[in-house]
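In: when you get a sec, could you give me coordinates for this:
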Amino acid sequence: MSLGNDEVVKLLSSDIRHRTQCEPWASDNDKVQLVLLHDSYMGGSHISRSQYGARSQTHTKDYQKWISHLRSLGLKMIAVQDVILANRHQPDFEQFIMEQIELCPSEDNFTLEEKTNFKRDIVKAMTVTQLGYAVTHHISLEISRDLEGQIVAGAYRVYPTIDLLARRGHLITSKGVVLSGSKSIKTEMNVMKFCLKSMGLPILTEIPDPLKVTGHDFVPGNDDVLFIGTGHLTDEASVRVMLEQDVFGTDRVAVVRDFFDRSDQRPGLDSVFMIIDTNLCVVLDTILGQNNLRRRLVREYVRDPKTKTYLRSREDVEFEVYLLDQGFTICKYPEHLYKGGIDIINFGGRVGCANKDIADLIIKAGYTGIVDVLEFDIGWEFMAQVSFFMRTNTPKSCETINKNPNASVMLKNPSNISHLWTERSALNGKPTQITNTLLMVAPVGFCTNPETFVDNHFMKKTNQTLNEIEKKALEEFSSLHLQLRSLGINVWLHSAERFHNTPDATFPNNWFSTHPSSEVGVYTVVFYPMKTISRRAERRQNIISELQNVYGRELTFTQWEFSDFPHFLESTGVLVLDRIRKIAYASLSERCYEVIATVWAKRMGYQLCLFHSTDIQGRPIYHTNVMMAFGSEIIIICIDSIEDPLERKVVEDNLNASGLEIVTITREQMNNFCGNCIELQGSNGKKVLCMSERAYNNFTPKQKEKILKHVDTILHSDLSTIETIGGGSLRCMVGELF
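Out: Next comes the predicted model:
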């Protein structure tokens, strides 16, 4: 189904290829002018069909139907194999083919030079047909030595790059190509790197493993703005690398952040969002809406032409709101038509749809181009597996898209920091116990942590799968985030990634704390030593750097982790702070050492109130904040958990001296997280006591009545999965930003 070899060589050797056909493009609305093909069943023009074995008649029929349609549109087509073979005389071709061959020695007595020379001999002996086979396969070859010491080949295995185009381990910006460096698709990326480079496209960078990036999350809009998704397939660290290396080539970058969904059914941005005309886009309706648990949030970056760096201009705007603000008309793609993707292909002024219902949908939404209905028996996703569209770069005016009216705001700010920092209630300079701004981390990769299970007796094991646990935890997290934002509480949102191996990352309050100038004289951030290795990994540099940019003083106690006798102090997990009277209440445990708490108190100007507390079975309580909470006018405490009479009296004397209302809870209530709550400041200075649904249901009516005399409202949210698996509740999930 591909072009003949003579035609291929003629096409690829022409000057047109270098000047126009392979230039990067800026928009998915640019006209398709060449289709790159790779079908593991059909092969390229140099590959014998018999090498792939039997294939279904349905597959063959649909493939031929697809090719016929592309030809009817006047599009040029070429197989990946043919592109590479037409460049087999290039200096780096031999090295490329050699990388497709893996030698598996029977013994460790082969030098690198011997293996390299053996590979080179194999490649030189290959016919064109064999080379065509090798360029899109990974070949594993066993080698040994014969009696004369010469290298001889034994058994071999061949692994076809079935997902060469479908995996989209590459994305093409208006500047060039960004490649994934993921080890899991190394063979595919070697092939695509050589192929795209041979077609004249500059290779800009490779995103290092274990970071993830895919073209399925890349939707170029125009010369002004592009969209890139983060979540299931692409992580935010990869986007930061690309922003720092200035690979995008647009004035603005809209990062569409999937914190709450992370579904295999909606994996990449292009599976839920597509631009089909200058002002018209198609979006899956079940991810839209500010109150949707699956919502996407947009963080926008604007490029400063002076420094040539991207600075944040907008933070976590709901996707539908952002698109409408940019002047887009949104065609909402209904769930009942969704089969794992938006079944539309944009050829540039012309689209193909999977069925008439989709065609009618976009025409009704205002699409004025040509609409073709293309039905395939084996499924619409078949085309994504075999095709990649190369478009014509057509510079265009962006006047039809509204420029972000706030774009210039961040350009006046020399620091690339979130606008949320300027909205902190603690900036008024007055002494305060509560804040209106939080750091939260979405529970991606959330599961039972065997390291913390040892001394966190609030954790319980479950028979749920890892995916089930993560899905439910994300739903709970999404709902809590919605409720906090609805009450006017600011949230600086981050996400863990599975490859971080930080199952407890959704509890960020244990590794840092912040303090306003009214409390300690200067705005201060403190970093703490953590008991377990997995929890130490939660301190990610991008978060730390922004905290360092905002707070004028930094205190670090993490060096205690590496002393001959490690000591730990897990932040506001073990230190319950009376910030007005500067008293730190701390229950001593394996996560709270007296010696380091004493050093901390001296540095911070605090008085310590130390004690021991236990659960109903007499086991030490791992974190103080599960047995007590301090608000602006109210204290919640399980005083029964402090068994030593002298320690209990000291605590009671301090609490009584505060003059605050004291709500005493039982050990059973403590086990249901009634002590793990936090008071925050909502809109118009309203006081909000935040807790889980489980905690709320375990407070008595009289206790709730007493609480509501001192706060305006009680926020309660279902966190049952997070509480059961993680052994922490709402207070653990928020890091206060003063």
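In: pretty sure residue 502 sits against residue 536.
Out: No: with contact defined as C-beta atoms under 8 Å, residue 502 does not count as touching residue 536 (9.1 Å). From N, CA and C alone the C-beta is placed, and that goes for glycine too.
In: okay, those two: which has more neighbours?
Out: It is residue 502, of residue 502 and residue 536, that has more neighbours when counted by other C-beta atoms under 10 Å, with 24 against 15.
In: ok, that one - contacts?
Out: The contact partners of residue 502, taken as C-beta atoms under 8 Å, 6 or more residues apart in numbering, are 445, 496, 534, 535, 537, 538.
In: same thing with residue 677?
Out: 629, 636, 689, 690, 691, 695, 729, 730, 731.
In: for the residues you listed, which one is nearest residue 236?
Out: Nearest to residue 236, judged by C-beta to C-beta, of the contacts of residue 677 is residue 730 at 24.3 Å.
In: confidence score at the closest one?
Out: Looking at residue 730, its pLDDT is 98.
In: state the phi and psi torsions of it.
Out: phi -60, psi -40 (degrees, to the nearest 10).
In: number of nearby residues for residue 449?
Out: 22.
In: contacts only, for the residue nearest to it when sequence neighbours are not counted.
Out: Excluding the flanking residues, the one nearest residue 449 by C-beta to C-beta, 6 or more residues apart in numbering is residue 503, at 4.4 Å. By C-beta under 8 Å, 6+ apart, the contact list for residue 503 reads 445, 446, 447, 448, 449, 534, 726.
In: residues in contact with the closest residue to residue 348 other than its chain neighbours?
Out: What sits nearest to residue 348 in space, not counting adjacent residues and going by C-beta to C-beta, 6+ apart, is residue 31, at 3.3 Å. When the contact criterion is C-beta under 8 Å, 6+ apart, the partners of residue 31 are 347, 348, 349, 391, 392, 394.
In: could I get the full set of strands for the stretch 601-738 of the chain?
Out: 607-611, 628-630, 634-637, 661-664, 678-681, 687-692, 713-717, 735-736 (DSSP state E, counting those that start in this stretch).
In: any chance of JSON lines for these, columns mean pLDDT?
Out: Shown next, in JSON lines, are the strands of the stretch 601-738 of the chain (pLDDT from 0 to 100):
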{"stretch": "strand 607-611", "mean pLDDT": "98"}
{"stretch": "strand 628-630", "mean pLDDT": "98"}
{"stretch": "strand 634-637", "mean pLDDT": "98"}
{"stretch": "strand 661-664", "mean pLDDT": "98"}
{"stretch": "strand 678-681", "mean pLDDT": "98"}
{"stretch": "strand 687-692", "mean pLDDT": "98"}
{"stretch": "strand 713-717", "mean pLDDT": "98"}
{"stretch": "strand 735-736", "mean pLDDT": "98"}
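In: in JSON lines: these, plus mean neighbour count and distance to residue 103.
Out: Conversion of the strands of the stretch 601-738 of the chain to JSON lines gives the following (neighbours: other C-beta atoms under 10 Å; distance: least, C-beta to C-beta, whole Å):
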{"stretch": "strand 607-611", "mean neighbour count": "16", "distance to residue 103": "63"}
{"stretch": "strand 628-630", "mean neighbour count": "25", "distance to residue 103": "62"}
{"stretch": "strand 634-637", "mean neighbour count": "23", "distance to residue 103": "66"}
{"stretch": "strand 661-664", "mean neighbour count": "16", "distance to residue 103": "70"}
{"stretch": "strand 678-681", "mean neighbour count": "24", "distance to residue 103": "59"}
{"stretch": "strand 687-692", "mean neighbour count": "25", "distance to residue 103": "57"}
{"stretch": "strand 713-717", "mean neighbour count": "19", "distance to residue 103": "56"}
{"stretch": "strand 735-736", "mean neighbour count": "24", "distance to residue 103": "50"}
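In: in CSV: those strands, plus distance to residue 192.
Out: As requested, those are exported to CSV (distance: least, C-beta to C-beta, whole Å):
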stretch, distance to residue 192
strand 607-611, 60
strand 628-630, 54
strand 634-637, 58
strand 661-664, 62
strand 678-681, 49
strand 687-692, 47
strand 713-717, 45
strand 735-736, 41
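In: closest one to residue 260 among those?
Out: Closest of the strands of the stretch 601-738 of the chain to residue 260 is strand 713-717, at 13.6 Å (criterion: C-beta to C-beta).
In: neighbouring strands - and their directions - for that closest one?
Out: Next to strand 713-717 in the sheet, as set by DSSP bridges, lie strand 687-692 (parallel).
In: how about the strand it pairs with as CSV, C-alpha atoms only?
Out: Below are the C-alpha coordinates for strand 687-692, written out as CSV (Å, rounded to 0.1, in the frame of the first residue of the first chain):
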residue,chain,number,x,y,z
LYS,A,687,-14.0,30.8,59.7
VAL,A,688,-14.3,27.3,58.3
LEU,A,689,-13.5,24.2,60.4
CYS,A,690,-12.6,21.4,57.9
MET,A,691,-12.9,17.7,58.6
SER,A,692,-13.8,14.4,57.0
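In: who touches it?
Out: With C-beta under 8 Å, 6+ apart, strand 687-692 has contacts from 434, 484, 487, 489, 631-634, 673-674, 676-682, 707, 710-720, 723, 729-731, 734.
In: tell me where the stretch 201-350 of the chain has strands.
Out: Per DSSP E, counting those that start in this stretch, the stretch 201-350 of the chain carries strands over the ranges 203-208, 218-220, 225-230, 252-257, 273-277, 280-284, 297-304, 309-318, 329-333, 344-346, 350-353.
In: what sits closest to residue 475 if chain neighbours are left out?
Out: residue 293 (5.8 Å).
In: which residues of the stretch 101-250 of the chain score low on pLDDT?
Out: Counting by pLDDT under 70, the stretch 101-250 of the chain shows low-confidence ranges at 162.
In: OK, contacts around the residue nearest to residue 475?
Out: By C-beta under 8 Å, 6+ apart, residue 293 lies in contact with 260, 261, 475, 478, 479, 482.
In: and the gap between it and residue 607?
Out: Separation of residue 293 from residue 607 (C-beta to C-beta, to the nearest Å): 44 Å.
In: next: residue 124.
Out: 79 Å.
In: now the residue lying closest to residue 715 once chain neighbours are set aside, which residues is it bridged with?
Out: Excluding its sequence neighbours, the residue lying closest to residue 715 (C-beta to C-beta, 6+ apart) is residue 690, at 4.5 Å. For residue 690, the beta-bridge partners under DSSP bridges are residue 678, residue 715.
In: who's in contact with the closest residue to residue 673 other than its chain neighbours?
Out: Leaving aside its chain neighbours, residue 673 sits nearest to residue 729 (3.9 Å; criterion: C-beta to C-beta, 6+ apart). Taking C-beta under 8 Å, 6+ apart, we find residue 729 in contact with 626, 673, 676, 677, 691, 692, 694, 695, 719, 722, 723.
In: try it again with 6 Å
Out: By C-beta atoms under 6 Å, 6 or more residues apart in numbering, the contact list for residue 729 reads 673, 676, 692, 719, 723.
In: what does residue 661 give?
Out: 634, 710.
In: if I look at it, how far off is residue 636?
Out: Residue 661 is 10 Å from residue 636, where distance means C-beta to C-beta.
In: and for residue 97?
Out: 69 Å.
In: tell me what the helix or strand where residue 576 lies is packed against?
Out: Using DSSP states H and E, residue 576 maps to strand 575-578. The helices and strands touching strand 575-578, judged by 3 or more C-beta pairs under 6 Å, 6 or more residues apart in numbering; DSSP states H and E, are strand 583-587, strand 628-630.
In: dump these to JSON lines, plus distance to residue 381.
Out: Formatted as JSON lines, those follow (distance: least, C-beta to C-beta, whole Å):
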{"stretch": "strand 583-587", "distance to residue 381": "55"}
{"stretch": "strand 628-630", "distance to residue 381": "51"}
